[in-house]
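*Asks:* Need a 3D model of the sequence below.
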Amino acid sequence: MEMGIVVGRVTATRKDERLVGTKLLVTQPIGLDGIPLDSQPIITVDTVGAGIGEKVIFVKGSMASRAIQNKEAPVDAAIVGIIDSLE
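*Replies:* From the prediction side, this is the model:
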């Protein structure tokens, strides 16, 4: 699992039919200190109702496809939690 901050939304009127009904968000990976990492933001499927500006937990790879209902959907990254606090 990784941490990130949601920095935007993606609207795709044409997409794989297995992604219909999903919310796509742009997520910038962050470190434990909350500072954005030098990596590029990624597009994540939201499974928990996250919004712009929220710190989130996301997974990538095969774990991401397990996080959504349609296991056949082409998903490489999924938000699985919203961070309330970090100690």
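*Asks:* List the buried residues for the worst-scoring helix or strand of the chain on mean pLDDT?
*Replies:* Least confident helix or strand of the chain, by mean pLDDT, DSSP states H and E, is helix 62-66 with a mean of 89. Residues of helix 62-66 classed as buried: Ala64, Ser65 (neighbour count, 16 or more other CB atoms under 10 Å). Where C-beta positions appear, they are placed from N, C-alpha and C, glycine not excepted.
*Asks:* Residues touching the next helix or strand after it, excluding its own?
*Replies:* Toward the C-terminus, helix 62-66 is succeeded by strand 77-82 as the next helix or strand (DSSP states H and E). If you take CB atoms under 8 Å, 6 or more residues apart in numbering as the criterion, strand 77-82 is touched by 1, 4, 6, 25, 27, 42-50, 54-60, 63-65, 67-68.
*Asks:* got the contact list for Lys55?
*Replies:* Met3, Gly4, Ile5, Ile30, Gly34, Ile82, Ile83, Leu86.
*Asks:* what's near enough to touch the residue nearest to Ala77 when sequence neighbours are not counted?
*Replies:* If the residues on either side of it in the chain are set aside, Ala77 comes closest to Thr44, at 4.3 Å by CB to CB, 6 or more residues apart in numbering. Taking CB under 8 Å, 6+ apart as the criterion, Thr44 is in contact with Gly4, Leu24, Leu25, Val26, Thr27, Val56, Phe58, Ala64, Ala77, Ala78, Ile79.
*Asks:* first to last residue in stretch 23-38, what's the distance?
*Replies:* Length of stretch 23-38, first residue to last, CA to CA, to the nearest Å: 25 Å.
*Asks:* got the buried residues for that stretch?
*Replies:* Lys23, Leu24, Leu25, Val26, Thr27, Gln28, Pro29, Ile30.
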